[in-house]
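A.B. asks: Task: produce atomic coordinates for the following.
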Amino acid sequence: MASGIPGDHMSKATVGAPPGTSQVRIGRLELECGRVIEDAVLAASTYGTLNAAGTNAVIVGHSLTSDSHVHQWWSKLLSATGTGSDGSHAEAPGHGKCLDTRRFFVVCFNYLGSCYGSSSPLTEGGFAAFPVPVTMRDQARAMLRAARMLGVNQVALAIGGSMGAMLALEIGLEGGPTMVRSVCAVAGCARHTDWATGHSEAGDWSTSARGTAPDGASVDTTGGIAQAPPARKPRAGAVAADARTGSPEPTPARTAGQGASGVSLPYWSVESYLHHQGGKFPARFDPGCYVALTYTLDTHDVGRGRGGVEAALARLEVPLLVVGVDSDGLYPLGLQQRMARAARFSTLAVLSSPHGHDGFLVEIDRLNEVIVEWMSASGRAPGCRRRPRRARLPSELGRVAMRE
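C.D. replies: Okay, here's the model as predicted:
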């Protein structure tokens, strides 16, 4: 793997519920598309203790191919670090961590459709039998129901990065101010763009999972014909997925060649990196689940049925922290700027990073600082009833920038 290029934050994962997770059975779930999951199950990882009132919960949304183990991919935000072979984690001091388990009961649910313990094509008889699309709004409703079943009466904070940011927005809107007290959306969007959907489609067809089940059997979900051998499909999809989350700007690690005197393939270190990551992906993720989750992404639109994106965000009557990455090519900074403009009580922060969309997983120390500052500021701490002033947008992107 090339030095300086982010590694796979899920490199040790395998298909199935991770050790240490629990399962919450939420029963019959009617989806926006009209289809039903009869006995829906959500895998969950929890940290800290729910208070007697049930009001100190934080719901964390994970990214597309992550699982619910927050301590594996956002460890520097969480005051629970380290993991044993059984999935257990050791409590660490919470000072300086935005997800301080001395204060909060932190829970992360695995998405419906994912291969890490929740109801998915793997549990429902294959991709053709699994109801799609499960929209982000469906996911939010399912997770709010699961949270209530765990005894949660109020969510202090809904937070997530990338796909998790979209979930956090929907949880805030679906729960309303009486259920959800604040929202933090990192490197996400209010409506999935054609650009991002095109990337999803490239990854889907690279895996060919829309035409082939995980076991290689034809499911004919779109009429497409898979051409690549089944063993290559998830690998190719991983290459497409990894390529889309980088930065369009050249960096020494990504553009380093082997030199004119020793030309061989792959010539660029980024090619070697993508091949390396693509080779690992089939062992940890199911292609049918990958496609099911990209349907969730592609149907994301907080404005659907709410009068449009701007009107929907204006209805979010709680503090909102929007965080963007200045080099993000998948969900460019302009999407976060528009989100902050539309929301009534928002703060915009910008992370400077050479790592593109992956910056939200790489610049974790800076991200934690931004969130802690926002949570500590007057009128923005989860549960505070004061309304923060409307955001003014930063004009400089060369550093972490915050405006209120």
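
A.B. asks: Need the residues that contact the helix or strand harbouring residue 338.
C.D. replies: Per DSSP states H and E: residue 338 is located in helix 333-342. If you take Cβ atoms under 8 Å, 6 or more residues apart in numbering as the criterion, helix 333-342 is touched by 185, 187-190, 193, 309-310, 313-314, 320, 322-326, 346-348, 350, 391, 393, 397. Just so you know, the C-beta spots here come from the backbone N, C-alpha and C atoms, and that holds for glycine as well.

A.B. asks: Which among those residues count as buried?
C.D. replies: Using 16 or more other Cβ atoms under 10 Å as the burial test, these include 185, 187-190, 309-310, 313, 320, 322-326, 346-348, 350, 391, 393 as buried.

A.B. asks: Mark which of those residues are part of helices, please.
C.D. replies: Among the buried ones among the contacts of helix 333-342, the members found in helices (DSSP state H) are 309, 310, 313.

A.B. asks: Might one say that the second one is in contact with residue 316?
C.D. replies: The one in question is residue 310. No - counting by Cβ atoms under 8 Å, residue 310 sits too far from residue 316 to count as a contact (11.1 Å).

A.B. asks: what about residue 49, neighbour count?
C.D. replies: Neighbours of residue 49 under the rule other Cβ atoms under 10 Å: 11.

A.B. asks: What are the phi and psi values at it?
C.D. replies: Dihedral pair for residue 49: phi -130, psi 130, per degrees, to the nearest 10.

A.B. asks: when you give positions from now on, start the count at 752
C.D. replies: With 752 as the first residue, the last one maps to residue 800.

A.B. asks: nearest spatial neighbour of it, skipping sequence neighbours?
C.D. replies: residue 856 (5.9 Å; Cβ to Cβ, 6 or more residues apart in numbering).

A.B. asks: quick one: contacts for the one you found?
C.D. replies: Counting by Cβ under 8 Å, 6+ apart, residue 856 touches 797, 798, 799, 800, 801, 802, 807, 808, 809, 903.

A.B. asks: let's go with 7 Å and repeat that
C.D. replies: Residue 856 makes contacts with 797, 799, 800, 801, 807, 808, as judged by Cβ atoms under 7 Å, 6 or more residues apart in numbering.

A.B. asks: Of those, which pair is most distant in space?
C.D. replies: Within those, 797 and 807 form the most distant pair, 12.3 Å apart (Cβ to Cβ).

A.B. asks: I'd assumed residue 920 was in contact with residue 1053.
C.D. replies: Yes - applying Cβ atoms under 7 Å as the test, residue 1053 and residue 920 come out as touching, 5.5 Å apart.

A.B. asks: which neighbours do these two share?
C.D. replies: Shared contacts of residue 1053 and residue 920, defined by Cβ under 7 Å, 6+ apart, comprise residue 941.

A.B. asks: okay, those two: which has more neighbours?
C.D. replies: More crowded of residue 1053 and residue 920, by other Cβ under 10 Å: residue 920, with 31 against 27.

A.B. asks: how about the host helix or strand of residue 777: buried residues?
C.D. replies: Residue 777 belongs to strand 773-781 when assigned by DSSP H and E. Buried residues in strand 773-781, counted by 16+ other Cβ under 10 Å: 775, 777, 780.

A.B. asks: For the nearest residue to residue 918 once chain neighbours are set aside, give the beta-bridge partners.
C.D. replies: Using Cβ to Cβ, 6+ apart and skipping residues adjacent in sequence, the residue nearest residue 918 is residue 812, 3.5 Å away. For residue 812, the beta-bridge partners are residue 911 (DSSP bridges).

A.B. asks: Next, count neighbours for residue 812.
C.D. replies: Neighbourhood size, residue 812 [other Cβ under 10 Å]: 31.

A.B. asks: residues touching it, list them.
C.D. replies: Here residue 812 is in contact with 911, 914, 915, 916, 918, 919 (Cβ under 7 Å, 6+ apart).

A.B. asks: Which of these fall in helices?
C.D. replies: Here DSSP H is the test, and the contacts of residue 812 give 914, 915, 916, 918, 919 as lying in helices.

A.B. asks: just checking, the first one touches residue 814?
C.D. replies: Yes - judged on Cβ under 7 Å, residue 914 makes contact with residue 814 at a distance of 5.3 Å.

A.B. asks: pLDDT weak spots in this protein?
C.D. replies: Scanning the chain for pLDDT under 70 picks out 752-764, 831-846, 954-1034, 1129-1155.

A.B. asks: Where do the helices of the stretch 852-1001 of the chain begin and end?
C.D. replies: Assigned by DSSP state H, counting those that start in this stretch, the stretch 852-1001 of the chain shows helices spanning 887-900, 914-926, 945-958, 984-995.

A.B. asks: quick one: the closest residue to residue 804 other than its chain neighbours and residue 1124, what's the gap?
C.D. replies: Distances taken as Cβ to Cβ, 6+ apart place residue 904 nearest to residue 804, at 6.5 Å, with adjacent residues excluded. The spacing between residue 904 and residue 1124, counted by Cβ to Cβ, to the nearest Å, is 28 Å.

A.B. asks: Tell me if I'm right that residue 906 and residue 926 touch.
C.D. replies: Yes - using Cβ under 7 Å, residue 906 is in contact with residue 926, at 6.2 Å.

A.B. asks: Settle it for me: which of these two has more neighbours?
C.D. replies: Shown here are residue 906 and residue 926; by other Cβ under 10 Å, residue 906 has more neighbours (29 against 22).

A.B. asks: Enumerate every residue touching that one.
C.D. replies: Shown in contact with residue 906 (Cβ under 7 Å, 6+ apart): 808, 810, 898, 922, 926, 930, 931, 932.
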